[in-house]
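*Asks:* Have a look; sequence and predicted model below, questions after that.
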Amino acid sequence: MPLAALVGVMFVVAQQTFAWASLRVLRKVPVNDVLAIIAVTVVTVLTDLATAVLFGIIIAAINFAWQQARELYADSHVEADGSKVYHLHGTLFFASTTPFLDQFNPAEDPAQVTLDCRHLSFVDYSAIAALKTLRERYVKAGKHLRVVHLSERCKRLLKRAGVQHA
């Protein structure tokens, strides 16, 4: 009988200390964040707080990578001389290499193509590999790809990887 009473007391304490107003916030935050909150809560109940914190960090990192990958885009225009210029924006890393490569069509582009990387950040080796793959696609199509306005950090990464950027 004392155990049943203790369980009852615990339920009342939990009910009284829970911030019920926080449930209204769930309607205002992105779905990914709501799912992360629910998942971390479930992991906390099933395991322990340390495991749940680690799980939450992993979910947040995956969510961040997914969001950053979606923010990569390119604007393009054709110059007076017939060449095409792509102005790239965003972060190029492992999660955004496929969307990056999908934005280009070497078969339909003119003979001279310029990538303006003024607003593009390279994060990891996947970014370098994507640029190398893109260059190979343009070479295979018999076209010239020029990369301009790389940051000094990007130039160092490319040099270290043995990739020419000009």
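*Replies:* That came through, no problem. Note that the structure is a prediction, hence the values are computed from the model and not measured.

*Asks:* From now on I want contacts and neighbour counts done on CA atoms only, so please keep to that.
*Replies:* Will do.

*Asks:* any chance you could map the helices in this protein?
*Replies:* For the chain, applying DSSP state H gives helices covering 2-17, 22-25, 31-46, 49-70, 97-102, 125-140, 152-161.

*Asks:* can you tell me which of those helices comes nearest to Glu108?
*Replies:* Closest to Glu108 of these is helix 125-140 (CA to CA; 10.4 Å).

*Asks:* Quick one: work out the angle between that closest one and helix 152-161.
*Replies:* Helix 125-140 runs at 70 degrees relative to helix 152-161, counting by axes from the mean of the first three to the mean of the last three CA atoms, to 10 degrees.

*Asks:* Check the average confidence over helix 125-140, would you?
*Replies:* For helix 125-140, mean pLDDT is 93.

*Asks:* Which elements pack onto it?
*Replies:* Secondary-structure packing of helix 125-140 (3 or more CA pairs under 8 Å, 6 or more residues apart in numbering; DSSP states H and E): helix 97-102, strand 144-148, helix 152-161.

*Asks:* Could you say which of the ones you listed is packed most deeply?
*Replies:* Comparing those by mean neighbour count (mean count of other CA atoms under 10 Å), strand 144-148 comes out on top with a mean of 17.

*Asks:* Need the residues that contact that strand.
*Replies:* Contact with strand 144-148 is made by 111-118, 135, 138-139, 165-166, as judged by CA atoms under 8 Å, 6 or more residues apart in numbering.

*Asks:* Please consider this matter closed, and thank you.
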